[in-house]
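Asker: this one's sequence-less:
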Ligand code: NAI
Ligand code: MG
């Protein structure tokens, strides 16, 4: 019997019944305006664009396309709100942040369903990761708001002013929380630009901000595409830009701002190595590898997209890994049993397809899950490449999809050399029973985040960010305040 047949016979022919979360709790409107100066604008006042549900490729809502004039109004509102917000006492600002955190908890189910519909990620993840973590970041930074004098940046550190914040589509609500919570705690006012394929959870958050009675203009949310983002970057009334997204756009923004001296933090791409030594705890390690690359369909900047496995155990690890990949449940993101959801957009799917075709053409061996894929929407079956060489595009370029490249190594030195053989430097994982070995390796890895015997763990108390082409600046923890203070 093959492993696959064995797994099937153990299930005794039974399969899961569908267990879908109801889409109706999302209460998505037909059309949305912009959130400027504490209120939503009339959708009829703007050009509109459509956001889709990637699991069906059908429209969910139309959303305002923020123009240069809209960005100008949003920045003006943030400027007007700054003198009062920045001199509001820390304990008072904390009260608003706590209130926002509690409202995110109260409206967790609605937010999870909205996020799953608009993004395509499984409800299990939005419910258990994105939404609770978004609340946790607001709770955490609420705690700092009245303690900035003791944050290690000198007495009475001052906010920077108006922060322009541009976020991507892979963790729409969570990235909004990562950006807004520390900025507000530090006394800045904000203009947030969500990604064009996933604007809806930020618009629910806008409603939450209004519900929390956050003073008008403290946070403005301007939906739109790259042109809207570029208008925000070009605006002379913005004192700081925080960007998460592609290395290409990050580089462009850096050039623009270099001429002006505006504060900047960038969180860009990655090609994380998950390094597995022969003494690693096997079951945890297999789950860690799976989570490292298939969590959020691999649309994760810190994904463990390169598996470096010690040669002595490589065959066994690959065998167990492929067996586990076969068990991943791919399909309806609203189903509570789904492990892997839809690819976020047609463009991202095309990019994943192009790179996997390149992987085969360059000589790597492709193993794709035999799972059935839905006929509508954007889907890509979990895929593992073996026989990967360091020169292959699939070992060098960020795929940002459910695709793992497996390479092997013999010695710790070789593992470190291979892990560091990338232009990026965001995250790595090390799996070993020996603490001394883990520390030895960790000290030599060039990456902002290193996980030991786990992967993709996020916590508001812990700083996150990259080196080299993965960007600079930290989000989360005490360090995350520095990006929004004049230090
Ligand atoms: P992108 O960098 O174009 O988009 C990210 C955000 O930047 C969006 O809100 C977008 O509207 C905005 N934007 C685009 N052009 C801009 C400009 N000129 N000025 C200001 N803002 C601008 O990323 P995209 O096209 O969605 O994805 C391309 C690749 O980037 C992905 O395949 C992936 O490899 C990487 N990526 C990395 C992310 C990360 O978490 N570090 C997140 C999203 C994408
Ligand atoms: Mg969408």
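Answerer: Structure received. Values in this document were obtained by computation on a predicted structure and should not be read as measured data. Ligands and ions are numbered 1, 2, ... in the order given.
Asker: Which strand or helix spans the closest residue to ligand 1 within the chain?
Answerer: Residue nearest to ligand 1 within the chain (Cβ to the nearest ligand atom): residue 229, separated by 2.3 Å. All C-beta spots, glycine's among them, are computed from the backbone N, C-alpha and C. Element membership of residue 229 [criterion: DSSP states H and E] is helix 226-234.
Asker: Show me which residues of that helix are buried.
Answerer: Judged by neighbour count (16 or more other Cβ atoms under 10 Å), helix 226-234 contains these buried residues: 228, 229, 230, 231, 232, 233.
Asker: Next up, phi/psi of residue 219, please.
Answerer: phi -130, psi 130 (degrees, to the nearest 10).
Asker: just checking, it touches residue 193?
Answerer: No: in this structure, residue 219 is not within contact of residue 193 by Cβ atoms under 8 Å, at 12.0 Å.
Asker: Comparing the two, which shows the higher neighbour count?
Answerer: Taking other Cβ atoms under 10 Å, residue 219 and residue 193 do not tie; residue 219 has more neighbours (33 against 29).
Asker: pLDDT value on the residue nearest to the spatial centre of the chain, please?
Answerer: Against the mean C-alpha coordinate of the chain, by Cα atoms, centre = their mean, the closest residue is residue 171 at 3.9 Å. Note for residue 171: predicted pLDDT of 98.
Asker: same check, this time on residue 260
Answerer: As predicted, residue 260 sits at a pLDDT of 85.
Asker: Toward the C-terminus, what is the element adjacent to the helix or strand hosting residue 183?
Answerer: For residue 183, the element it lies in under DSSP H and E is helix 172-185. Where DSSP H and E defines the elements, the next helix or strand beyond helix 172-185 is strand 189-193.
Asker: now the angle from that following strand to helix 172-185?
Answerer: 160 degrees (axes from the mean of the first three to the mean of the last three Cα atoms, to 10 degrees).
Asker: what packs against the next helix or strand after strand 189-193?
Answerer: Once the chain leaves strand 189-193, the next helix or strand it forms, by DSSP H and E, is helix 200-211. Applying 3 or more Cβ pairs under 8 Å, 6 or more residues apart in numbering; DSSP states H and E, one finds that helix 200-211 contacts strand 35-36, strand 58-64, helix 90-106, helix 108-119, helix 172-185, strand 219-221.
Asker: who in the stretch 51-200 of the chain is up against ligand 1?
Answerer: Residues of the stretch 51-200 of the chain found near ligand 1 (Cβ under 6 Å from any ligand atom) are 166, 167, 168, 169, 170, 193, 195, 196.
Asker: let's see 8 Å
Answerer: 166, 167, 168, 169, 170, 171, 175, 193, 194, 195, 196, 197 (Cβ under 8 Å from any ligand atom).
Asker: Name the residues linked to residue 62 by a beta bridge.
Answerer: Beta-bridge partners for residue 62, by DSSP bridges, are residue 31, residue 50.
Asker: count of residues packed around it?
Answerer: Residue 62 sits with 17 neighbouring residues when counted by other Cβ under 10 Å.
Asker: can you tell me which residues contact it?
Answerer: Residues near residue 62 by Cβ atoms under 8 Å, 6 or more residues apart in numbering: 30, 31, 32, 43, 48, 49, 50, 51.
Asker: hmm, try it at 6 Å
Answerer: 31, 48, 50 (Cβ atoms under 6 Å, 6 or more residues apart in numbering).
Asker: next one: residue 446
Answerer: 420, 425, 467.
Asker: out of those residues, which are buried?
Answerer: Neighbour counting with 16+ other Cβ under 10 Å marks residue 425 as buried within the contacts of residue 446.
Asker: Could you take the contacts of residue 446 and lay them out as JSON lines, with extra columns for secondary structure and pLDDT?
Answerer: What follows is the contacts of residue 446, written out as JSON lines (DSSP: H, G, I helix; E, B strand; the rest coil; pLDDT from 0 to 100):
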{"residue": "420", "secondary structure": "coil", "pLDDT": "98"}
{"residue": "425", "secondary structure": "coil", "pLDDT": "98"}
{"residue": "467", "secondary structure": "coil", "pLDDT": "97"}
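Asker: in the stretch 1-150 of the chain, what spans have low per-residue confidence?
Answerer: Within the stretch 1-150 of the chain, the segments meeting pLDDT under 70 span 1-13.
Asker: Good, wrapping up.
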